[in-house]
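Colleague: Structure here, sequence nowhere to be found:
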């Protein structure tokens, strides 16, 4: 893949929604809607369309019932209808398979283009979406994690440098990294004016590491944990609460009943200025992944969601050569 | 009334519950339960028994349907069963009418003594109460203001000095005052180890000024307001959010559909040490009532709930000679 | 002024900094730096260059000593150096006086263009700025209001419709309004992906209504008030804390020792999607200015900062015909 | 030791202060005062007397320079001067060595009695203390963890049942336990109206497990961690932030430069009612120690501070038979 003479990429506005396959839709409804309080825009027999309380796009998440947990697609909103044509041209140049979908193929979403991207993920681009009811000032309805909107996708890739270069070619800016002199272990990239829309975690990829949802204040993160403890469902809390060094965000990571990982995330920062400088974290700084210095539990590095191709078949993964955990383990900060 | 040779008073533990007459019980249920999230311990045809999420006593509040908004009684928990006898003796000495009630007269409350106290309020003393379910760690159930427990009663009295002396005779400690060289305008007194169980506001008394409910953090106070705004029921927010100078607590005052005033209150301080010193606020310090210096709206000083005698008849009120608002108005800090 | 055939406007990134004339620089230092905790990027004999803790641009605020309180300029960052030329062309077409300033005229700011805009304000456009130290993760240094960065300028204009049209011509998007069938009373407009970079308050204009600074959580707003109360300097708290209906933000308004108004502001929302819908508040909705329904104090509507022209002379103001307060007063929601 | 026919114990009000030996007083000053923001009541050449912002007692903590890290004493405030005599009688009956100290032996503390208690700790009882300045409403001064006051002592004892019985004989109430059918693994006991003044952790005792300091809201706990991360001193954060199942409190555990453990602790509950019920946690409930289900790091169970006798000599420890970690490890919830 040559990224040097690419056609203009689609003008991506932000990460907009993801589709997850869940094996037990009522159970997923319990977790995402009843416990975490996501708003149901639409409920079909085999799928739920969910969003956060501030979200005006039709949905941030589709939970679709299926035989195996998987990530069906990651969808980006684009600036104009013409960006769909640009997406087709862009991926054609990259020899990536694409498909055009008429408006309404996905409820609430206008005409769309899907592609199997060079990293092995199925991505979608759309411009038009049905406006959702404005619930931001319906504090009476808020429950659970009080997620406001989707914030980012974090993906597992075997080659972080390759992912960085590919997303650079798509017009993403780089906000933060974890690296040493030899290796880029992880990177955070943005289109909207926050720390990221996309992040790359080194590992056996392609897999989906997690979906990040924005909440307004740290006490919403704590409340999420308190509710899970109250229900004696604390096993769904994988990691945190804590603050990231990278992004400065206060976080908790949960795993849904199918093992899909999500993050409730608050308090990152504005990146919209021209020439926004990159913050580079040394891989040996224990604060990079947890500003309070706590080691990351192994499952957080090791486990992730299988990705589906355009036909709905699982993607094989390839192993990584240089993993962050190994690099860190060597300097006396053992993973526990 | 001579307070010098009184018999020993009942050993009061704390302010425990109040009874309010409401004219429309379904409407009161909407406000206290659906909007503010108070826990229903028991619902009878003509009455609701409510409590906060941390509360282990059967109830903190009885809402009883009746023809006129009123305060039926203020109830104190006492240390031992023998304190009921002490209460009878104490009020007999004061020539106050009393009545003994067998256990279960009020659901969840054991044997009790009621009295018409020297200030004109109907007060109750009880020792035994049915334990309520422990809901403190049921964060999944919490809604609304997330009130934890009742904290205090604030009463309007025509003579604050008299109220102070009477409650001193009942063994209450003094934590804070508003005063000048001539006059005690307001006082805060405690049995439990917080700033107060009782407070006295000068005005036409006896009337009930408000019931104070404790919440754990300031964001619960803000959320209470946000919910009322969301429902376009912001008219129930009378004053605040803000911080009191007196007590240091962060507060909001609401008025229920019958005009009963309640406070959601957080962040006061420990008063349990022997010799706890009194904090005396000068009546001209604008921070005494609002630490941020905002003037108090006139309704907060002027309006309060009628008090019922032991027969359920409204108590007449007598006027006050020296009101705080007038004292303050004179020094250039006009009430708005 | 015709806005129909305008040359392309400069591509404005965001509201970046303002200059205020203060009459007593040590006193201003006390207020802005010692009490509110703004970061001093640079201190000159006659001027202070301040910023928030997250801010990477050299400064968000210049406090310059002078004979009368005034607003010297409002500065916008632009996307590219070429946008400076566009600014010159744009204002030339509007018959507005402009001046080009070489890099370094203002410390930390590259080449700039200043103009006397059609509304009577002195505005500046710059692309290059010196990067400030990244202090975002220096929680050990944070004090006071913990302002993160500048968020917006709010200006008083005699004709809100005119201001709306002019800023539309500059490429700003409209997020919220206060209006009735006849009149646009106030409007909020944005370039960065938040509710606003600019807001217009109807009144005798041109004047600067306030500078808005972003903080991360509501407890920072409360802390700001607590500190002023602690110092018995609560007179600097003009309005709030409270939540706005417009923007959903939690706020407090302060007045500095020269009467300049600033807002500590948190919790607005993302506006970056194409076709972001406008939220229109009816002027009679009491929640528009305070979601908790409290009336706005008269000084907040009446008082504002004088604006200087390019020569440093005060701008005369013209009166407004339709003021929001009058419209509101008529429907039974009196201003107090 | 027979606890059946004991003389009346001293009427203990609360846990009041502790003395810790530190090996480098300037380093301890850096940690406790500069970083954590404790208030210095008095600084002597070899000792610091510190307190929280709400505290009206002279000090909550003495840091005394010495050759080895140790806990010199745990001090309780008693109700009346006569309780000092009761303390002498009480410990004489228990064959425990005591000493009487004249007022002023410890700065700010009146006449006192010290004893080597049956568990091997040096405890002090005092009634009179010098009132400290009221700083509660000096928000302008607050820094660091913003600790309000001392809350509790947590001690390591080889026999939790024995500690429970001894403190019962001192008049402490039991609020919560960790247990199974055979063993009491840990217990929380109170005199003031909170969850505890004393807690017992099973292990090689006598040792001091930690000092607990109360803060008002969870964001103060997070801020404490943020500051340590900012300074790249995150190694002082041992465990948390998180919520305890036991006590419901939100917490973080730190280790000072000498390894002394402290907890910043918020949000427990009122225990002042007669007949307050005990909350018993099964040792296999993963939420007992962390409501979010995270395993406790081994150092938290294993490490603690040496205790000094009345002569300042280290106390030998004895091993425990049944440790909580082992009991838990057996049921599939391994300590990590």
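Modeller: In hand now; what should we look at? Computed from a predicted structure; not experimentally measured.

Colleague: Leaving aside the residues adjacent along the chain, what's closest to the residue of the stretch 101-250 of chain A found nearest chain D?
Modeller: Going by Cβ to the nearest Cβ, chain D is nearest to residue A:234 of the stretch 101-250 of chain A, at 3.2 Å. From N, CA and C alone the C-beta is placed, and that goes for glycine too. Spatial nearest neighbour of residue A:234, chain neighbours left out: residue D:293 (3.2 Å); criterion: Cβ to Cβ, 6 or more residues apart in numbering or on different chains.

Colleague: Repeat that for residue A:8.
Modeller: That would be residue A:86: by Cβ to Cβ, 6+ apart, it lies 5.8 Å from residue A:8.

Colleague: again with residue A:92
Modeller: Residue A:92's closest residue in space is residue A:98 (Cβ to Cβ, 6+ apart), at 6.8 Å.

Colleague: What's opposite that neighbour in the beta bridge?
Modeller: Note on residue A:98: beta-bridge partners by DSSP bridges are residue A:115.

Colleague: now the end-to-end length of stretch A:38-55.
Modeller: Using Cα to Cα, to the nearest Å, one end of stretch A:38-55 lies 11 Å from the other.

Colleague: do the same with stretch A:97-104
Modeller: End-to-end distance (Cα to Cα), stretch A:97-104: 21 Å.

Colleague: Could you pull out the buried residues of it?
Modeller: Across stretch A:97-104, burial judged by 16 or more other Cβ atoms under 10 Å in any protein chain shown covers A:98, A:101.

Colleague: what's the spacing between that stretch and its chain's center?
Modeller: Its chain's C-alpha centre lies 22 Å from the corresponding centre of stretch A:97-104 when counted by Cα atoms, centre = their mean, to the nearest Å.

Colleague: again, but for stretch A:82-100
Modeller: On the basis of Cα atoms, centre = their mean, stretch A:82-100 sits 22 Å off its chain's mean C-alpha point.

Colleague: And for it, what's in contact with it?
Modeller: By Cβ atoms under 8 Å, 6 or more residues apart in numbering or on different chains, the residues outside stretch A:82-100 that reach it are A:1, A:6-12, A:78, A:111-118, A:125-127, A:170, A:310.

Colleague: What about residue A:33, how many residues nearby?
Modeller: 18 (other Cβ atoms under 10 Å in any protein chain shown).

Colleague: right, and it touches residue A:50 too?
Modeller: Yes - here residue A:33 reaches residue A:50: they are 7.0 Å apart, a contact under Cβ atoms under 8 Å.

Colleague: Between these two, which contacts overlap?
Modeller: Applying Cβ under 8 Å, 6+ apart, one finds that residue A:33 and residue A:50 are jointly contacted by residue A:40.

Colleague: which residues sit in contact with the residue nearest the centre of chain A?
Modeller: Closest residue to the average C-alpha location of chain A: residue A:153 at 1.4 Å, with Cα atoms, centre = their mean. Counting by Cβ under 8 Å, 6+ apart, residue A:153 makes contact with A:15, A:18, A:74, A:197-199, A:208, A:211-212.

Colleague: unless I'm mixing things up, the residue of the stretch 101-250 of chain A closest to chain D is touching residue A:226, no?
Modeller: No - taking contacts as Cβ under 8 Å, residue A:234 lies outside contact range of residue A:226: 9.9 Å.

Colleague: overlap in contacts of the two?
Modeller: residue D:291.

Colleague: Get me the contact residues on chain A for chain B.
Modeller: Near chain B, the residues belonging to chain A are A:35, A:137-141, A:217, A:219, A:223, A:226-227, A:229-231 when assessed by Cβ under 8 Å from any Cβ of the partner chain.

Colleague: quick one, what contacts the residue in the stretch 151-300 of chain A positioned nearest to chain B?
Modeller: Nearest residue of the stretch 151-300 of chain A to chain B (Cβ to the nearest Cβ) works out as residue A:226 at 3.8 Å. Contacts for residue A:226 (Cβ under 8 Å, 6+ apart) come out as B:137, B:139, D:243, D:291.

Colleague: before we move on, the earlier item: for residue C:296, see how far away the residue nearest to the centre of chain A is.
Modeller: 43 Å (Cβ to Cβ, to the nearest Å).
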